[in-house]
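S.K.: My questions concern the predicted model and sequence given below.
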Amino acid sequence: MLTIQKNIGQNRGTPRIWFQGEELRRAGMEPRQQYNIEQDESKKTIILRRAENGARVVSSKEVRGKTHAVIDLNNRALLAMFEGMDCVRVVCTDGAIYIQPTHVEERKAARVAHLKADLEAGVISTASISHGGGMMDYAIDSGLKAAGFKTKLMFLNEIREDLVDLCSEHNSHNWDKNILVTSQPMQAIAYDPFILDRIPQVSLLLAGVPCSGASVAGRARKGTAMPEEHDHVGHLIVSFISLAARLNPAMLCFENVTPYFSSASMAILRTTMNEWGYDLHEKQINAHDFGSLENRKRSVLVAVTHGIEFNWDWVTPSLGNQPKTLAEILEHFPEGHPRWSDMAGLRAKEIADKEKGNSFAMQIVDGESTKVPCLTKGYSKIRSSDPKLASPYGDGKLRQFTAAEHCAIKGYKIELLGDASETVKHEILGQGVCCQPFQALAEQGIAESLRRFANRGSQQNPQATFQASNDDSCQLELFA
C-alpha cells in the first residue's frame with residue numbers, strides 16, 4: 001500500500017487531480033488498462049478500481065523515451081465532494097486507488113459542523129487551558145453575552161486545585177454539569193489516553209500558557225538564553241498543541257506576554273495552526289486603551305478556521321463608564337492606618353540600585369493618576385518595582401493596593417475571587433488578563449465572526465436565519 005497527499009489543481013477553472021507513475025503502478029494500472037470510477041458520498045471517497053471491462057482506460061504519456069501511465073481527473077461534478085479543499089489523501093492498493101479528504105480537511109469539516117451545531121443549539125461550547133482564576137473566561141463570556149450569545153465551558157485545565165475549587169464556587173457562571181475538569185499539569189494529560197478519550201470537541205478554545213520563561217523578569221531570574229530553557233514551563237507549547245488537537249476548536253483565543261510572541265514556541269504554534277487550516281490574526285493590545293486603569297500590554301492570537309472571518313478592525317476601544325482616575329476605585333484608609341508605611345527599606349534599595357546603575361525604580365501613583373503600571377502575580381511580596389500608592393495626607397507614606405482595588409483596576413468584581421487570601425487574589429489577578437479588552441474582543445470581534453459565519457450558512461440555506469438577541473440567546477431558527 002502507498003499513501004500520498006495530492007494537491008487539488010485547476011485546469012481552465014475546473015478542479016483537477018493528476019496521477020502518473022508510481023501511484024498507478026502500485027495499483028496495477030498500466031497504460032490501456034481499464035478501470036471504473038466509484039463514488040461513496042457518505043465517506044467522501046472516490047475509488048478508481050481496475051476492471052477488465054471498465055468504462056475508462058488508463059492513458060499514457062511519453063517522458064524522455066519512457067511510457068508512463070496517466071489518469072487525469074478533471075471534472076467538476078466528479079470532484080464536487082472535495083470542493084473547498086486544497087488537497088486529498090490518496091491510498092494506492094493492488095487493484096484500486098482511494099481518494100479521500102486528508103486528516104486536516106476532515107478536521108476542518110468537523111470544526112465547521114460542530115460550530116454550526118452549537119449555533120443551532122444556541123450555546124457556544126468552550127474550553128480553557130491554564131484557566132487560573134478564570135478571568136479571561138469570564139471576560140470573553142461577558143462580551144459574548146452582551147452580544148447575545150451563551151457559552152458553555154466543557155473542558156478546563158488548571159494545575160492548581162485551590163484555584164479550581166475557588167472557581168467552582170465563585171466563578172462557574174458558564175460551567176456545564178458535565179464539564180471535564182483536569183487539575184493536573186498540562187503535560188501530564190496531553191498524552192494520557194484516559195483523559196484524551198474524554199476531552200470533548202469545542203467551538204472556542206481560550207488559553208494562555210504560563211509566561212514565566214518568556215517574561216523579561218523570568219528570563220533574568222533564570223538566566224536562560226531562550227524561553228524554552230525554563231525548567232518548568234519552557235516545554236509546555238508541545239502539550240498545549242496536543243490538547244488543542246484533541247479539542248479541535250473552530251476558533252482559538254491565545255494570549256501571552258509580548259516577548260512570548262517572538263519565541264520559538266510561538267513560531268511552532270503558528271506553523272502548526274496554519275497547517276491545520278487556521279487563519280491567524282495577531283495584535284498587541286493595551287488594556288488602558290480599553291478603559292482599564294492598568295497600563296497592561298498583552299499580545300493576542302485569534303485563530304479561525306479557513307472560511308470563518310475575523311478582523312481586528314472590528315474591535316475598537318469603548319471606554320464607556322469606566323473609572324477615569326484611581327480615586328474612583330480606592331478604598332479609604334485614614335491617616336495613621338497601618339497600611340500606610342514609610343517603606344524605608346524599599347526607598348533605601350531604590351537609592352542603592354540607582355548607584356549601581358540598575359533601573360529598579362519605585363513606581364508611585366496617587367488618586368489623580370489615570371493609569372497604573374502592570375500589577376503582577378507576585379504583587380503581595382511588596383517589591384521595590386511594583387506600583388505603590390502615595391498617601392493623600394502629605395506625610396510621604398505609601399501603601400500597596402488592596403486585592404479589591406487590584407480587581408477594580410483590572411475591571412472585575414471582587415466577588416469572583418470569593419474568600420481567597422489577599423495573596424491568592426493578587427496571584428489570580430496578576431497572572432490573569434484585564435477584563436475590558438477581552439470583553440471587547442468577544443463582544444465585537446468574536447461575536448461578529450459568529451454572526452457572519454451563521455448568516456453565510458443561512459444564505460446557503462434560505463430557510464435558516466441567524467438571530468442574536470438581548471436575552472442572552474443565540475440560535476439558528478429554522479422555518480418550515
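M.R.: Thanks, I have it.
S.K.: Skipping its backbone neighbours, what lies nearest Tyr191 in space?
M.R.: Ser242 (6.3 Å; CB to CB, 6 or more residues apart in numbering). Where you see a C-beta, it was placed from the backbone N, CA and C, and this is true even at glycine.
S.K.: Please, which helix or strand holds the one you found?
M.R.: For Ser242, the enclosing helix or strand under DSSP states H and E is helix 236-247.
S.K.: returning to that earlier point: quick check: the residue nearest to Tyr191 vs Leu269, distance?
M.R.: Distance of Ser242 to Leu269, given as CB to CB, to the nearest Å: 12 Å.
S.K.: now Glu422
M.R.: Distance from Glu422 to Leu269, by CB to CB: 35 Å.
S.K.: between those two, who's got more neighbours?
M.R.: Leu269 (24 against 15; other CB atoms under 10 Å).
S.K.: For that one, give me its contacts.
M.R.: Ile237, Phe240, Ile241, Phe254, Leu301 (CB atoms under 8 Å, 6 or more residues apart in numbering).
S.K.: show me where this protein has helices.
M.R.: Applying DSSP state H to the chain gives helices spanning 22-26, 103-121, 135-146, 161-170, 186-189, 193-196, 216-222, 236-247, 264-275, 344-356, 403-410, 422-430, 435-440, 447-460.
S.K.: Now for Met266: which residues touch it?
M.R.: Contacts of Met266 by CB under 8 Å, 6+ apart are Ile237, Asn256, Tyr260.
S.K.: let's go with 7 Å and repeat that
M.R.: Contacts for Met266 (CB atoms under 7 Å, 6 or more residues apart in numbering) come out as Tyr260.
S.K.: What separation is there between it and Ala244?
M.R.: From Met266 over to Ala244 the distance is 14 Å, taken as CB to CB.
S.K.: how about low-confidence regions in the stretch 351-480 of the chain?
M.R.: 457-480 (pLDDT under 70).
S.K.: at 50 instead, please
M.R.: 462-480 (pLDDT under 50).
S.K.: list the contacts for the closest residue to Glu427 other than its chain neighbours?
M.R.: Distances taken as CB to CB, 6+ apart put Lys377 closest to Glu427, at 5.1 Å, once the chain neighbours are dropped. Each residue near Lys377 by CB under 7 Å, 6+ apart is listed here: Glu427, Gly430, Gln431.
S.K.: Counting neighbours, what do you get for the first one?
M.R.: Put plainly, it is Glu427. Glu427: 22 neighbours (other CB under 10 Å).
S.K.: From Pro323, how far off is His288?
M.R.: Taking CB to CB, one finds His288 at 12 Å from Pro323.
S.K.: same question, Gln34
M.R.: Relative to Pro323, and taking CB to CB, Gln34 is found at 79 Å.
S.K.: Can you check the pLDDT for the closest residue to His173 other than its chain neighbours?
M.R.: Beyond its immediate neighbours in the sequence, the residue positioned closest to His173 (CB to CB, 6+ apart) is Asp141, lying 6.4 Å away. Per-residue confidence (pLDDT) for Asp141: 98.
S.K.: So what's the residue count around Asp141?
M.R.: 26.
S.K.: can you pull the contacts of it?
M.R.: Neighbouring residues of Asp141 by CB under 7 Å, 6+ apart: Thr151, His173, Asn174.
S.K.: okay if I get those as TSV plus distance to Ala361 and pLDDT?
M.R.: Formatted as TSV, the contacts of Asp141 follow (distance: CB to CB, whole Å; pLDDT from 0 to 100):
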residue	distance to Ala361	pLDDT
Thr151	42	98
His173	40	93
Asn174	42	94
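S.K.: Of the residues you listed, which belong to strands?
M.R.: With strands defined by DSSP state E, the entries of the contacts of Asp141 inside them are Thr151.
S.K.: Number of residues surrounding Val70?
M.R.: Neighbour tally, Val70, other CB under 10 Å: 17.
S.K.: Stretch 414-423: end-to-end distance?
M.R.: Terminal residues of stretch 414-423 are spaced 14 Å apart (CA to CA, to the nearest Å).
S.K.: so how far is it from its chain's centroid?
M.R.: Here stretch 414-423 is found 27 Å from its chain centre; the criterion is CA atoms, centre = their mean, to the nearest Å.
S.K.: How about residues contacting it?
M.R.: By CB under 7 Å, 6+ apart, stretch 414-423 touches Gly133, Tyr138, Leu166, Glu169, His170, Asn171, Ser380, Ala403, Ala404, Cys407, Lys425, Ile428.
S.K.: again, 8 Å this time
M.R.: Contacts of stretch 414-423 (CB under 8 Å, 6+ apart): 133-135, 138, 162, 166, 169-171, 380, 402-404, 407-408, 424-425, 428-429.
S.K.: got the buried residues for that stretch?
M.R.: Residues Ile414, Leu416, Leu417, Ala420 are the ones in stretch 414-423 that count as buried (16 or more other CB atoms under 10 Å).
S.K.: Could I have the CA atoms of stretch 117-135 written out in PDB?
M.R.: Extracted as PDB, the C-alpha positions of stretch 117-135 are listed here (Å, rounded to 0.1, in the frame of the first residue of the first chain):
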ATOM      1  CA  ALA A 117     -24.500  22.600  15.700                       C
ATOM      2  CA  ASP A 118     -23.600  25.000  18.500                       C
ATOM      3  CA  LEU A 119     -25.300  27.900  16.800                       C
ATOM      4  CA  GLU A 120     -28.400  25.800  16.200                       C
ATOM      5  CA  ALA A 121     -28.500  24.800  19.800                       C
ATOM      6  CA  GLY A 122     -28.000  28.400  21.000                       C
ATOM      7  CA  VAL A 123     -24.800  27.700  23.100                       C
ATOM      8  CA  ILE A 124     -21.200  28.100  22.100                       C
ATOM      9  CA  SER A 125     -19.100  25.300  23.600                       C
ATOM     10  CA  THR A 126     -15.700  26.500  25.100                       C
ATOM     11  CA  ALA A 127     -12.600  25.100  26.700                       C
ATOM     12  CA  SER A 128     -10.000  26.800  28.900                       C
ATOM     13  CA  ILE A 129      -6.300  25.800  29.300                       C
ATOM     14  CA  SER A 130      -4.200  27.300  32.000                       C
ATOM     15  CA  HIS A 131      -7.500  28.500  33.400                       C
ATOM     16  CA  GLY A 132      -6.100  30.200  36.600                       C
ATOM     17  CA  GLY A 133      -8.900  32.000  38.400                       C
ATOM     18  CA  GLY A 134     -11.000  32.100  35.200                       C
ATOM     19  CA  MET A 135     -10.500  35.800  34.500                       C
END
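S.K.: Please spell out which residues along it are buried.
M.R.: 118-120, 122-135.
S.K.: about what we covered before: dump the buried residues of stretch 414-423 to CSV, plus distance to Phe333.
M.R.: Formatted as CSV, those follow (distance: CB to CB, whole Å):
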residue, distance to Phe333
Ile414, 17
Leu416, 23
Leu417, 20
Ala420, 21
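S.K.: Out of the contacts of Leu269, which comes closest to Val91?
M.R.: Taking CB to CB as the measure, Val91 lies nearest Ile241 of the contacts of Leu269, at 26.6 Å.
S.K.: what stretches of the chain score poorly on pLDDT?
M.R.: 462-480.
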